[in-house]
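Undergrad: This is the structure alone, sequence omitted:
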């Protein structure tokens, strides 16, 4: 049974960085791509990027390219998303999601992590 | 990359069929057969309903179907039920390992 469990809520000040984790279980961790998607309060879903756990290679949305880093730890089957230079506009729920081997078939999602950026 | 365009809201009565459109460009929806649809209830994580334009994951009701014509993809919900009331988002592959979501549509069951 596939499970994605994310780290807890974070409160950060503008200019700081945040690092969120997503621990996977129930399948071979290195076999499938994983994505990060965020959703600001009352707003639409926004794709941030994806990582291939097999080789730690990431693809990022242009909007976040300069300040996002996605990594993985194969020893704990965990992926991480670090976002730097935070502003109040980064306040959102951040989700990890796992592909199923086809394009865009993210059937499994984490529970979401609320990041609040406030002075 | 701008968000794909969806109507803000669509409504229908129980038992009716509704269709949600998702308009992109010849560089995304029009070029790739990699459009997905997600359902999201308030406070919950998104749920995959359709992928690769027409494919349903196991467990997704066959009342949900997807299609595409040129730069516009569509999600049709037939036999509308109260539990279908939710937000729906399309998502398209745009090349180079990247994706973009739509603006989102709120479905209301009257």
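TA: That came in fine, so what should we check first? This one's a predicted model, so the numbers in the text were calculated from it and none came from an experiment. Residues are numbered from 1 along each chain as shown, chains lettered A, B, ... in the order given.

Undergrad: Tell me which residues touch the residue lying closest to residue A:9 once chain neighbours are set aside, please.
TA: Nearest residue to residue A:9, sequence neighbours excluded (C-beta to C-beta, 6 or more residues apart in numbering or on different chains): residue A:114, at 4.4 Å. C-betas here are computed from N, CA, C, even on glycine. Contacts for residue A:114 (C-beta atoms under 8 Å, 6 or more residues apart in numbering or on different chains) come out as A:9-10, A:92-94.

Undergrad: Just the closest of those to chain B, please.
TA: Closest to chain B out of the contacts of residue A:114 is residue A:93 (8.8 Å), distances taken as C-beta to the nearest C-beta.

Undergrad: circling back to that earlier point, now, the contacts of residue A:114 that are in strands?
TA: Mapping the contacts of residue A:114 onto strands (DSSP state E) picks out A:10, A:92-94.

Undergrad: wait, which of the residues you listed is closest to residue B:15?
TA: residue A:93 (33.5 Å; C-beta to C-beta).

Undergrad: what is the closest one paired to in the beta sheet?
TA: residue A:39, residue A:114 (DSSP bridges).

Undergrad: Was I right to think it contacts residue A:37?
TA: No - applying C-beta atoms under 8 Å as the test, residue A:93 and residue A:37 come out as separate, 9.2 Å apart.

Undergrad: List the residues that contact the closest residue to residue A:100 other than its chain neighbours.
TA: Excluding its sequence neighbours, the residue lying closest to residue A:100 (C-beta to C-beta, 6+ apart) is residue A:107, at 5.3 Å. Counting by C-beta under 8 Å, 6+ apart, residue A:107 makes contact with A:98, A:100, B:48, B:57.

Undergrad: Using CSV, lay out those together with pLDDT and neighbour count.
TA: As requested, these are arranged in CSV below (pLDDT from 0 to 100; neighbours: other C-beta atoms under 10 Å in any protein chain shown):
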residue, pLDDT, neighbour count
A:98, 97, 25
A:100, 89, 16
B:48, 97, 23
B:57, 95, 15
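
Undergrad: Would you mark the buried spots in stretch A:96-112?
TA: In terms of neighbour count (16 or more other C-beta atoms under 10 Å in any protein chain shown), stretch A:96-112 has its buried residues at A:96-100, A:103-110, A:112.
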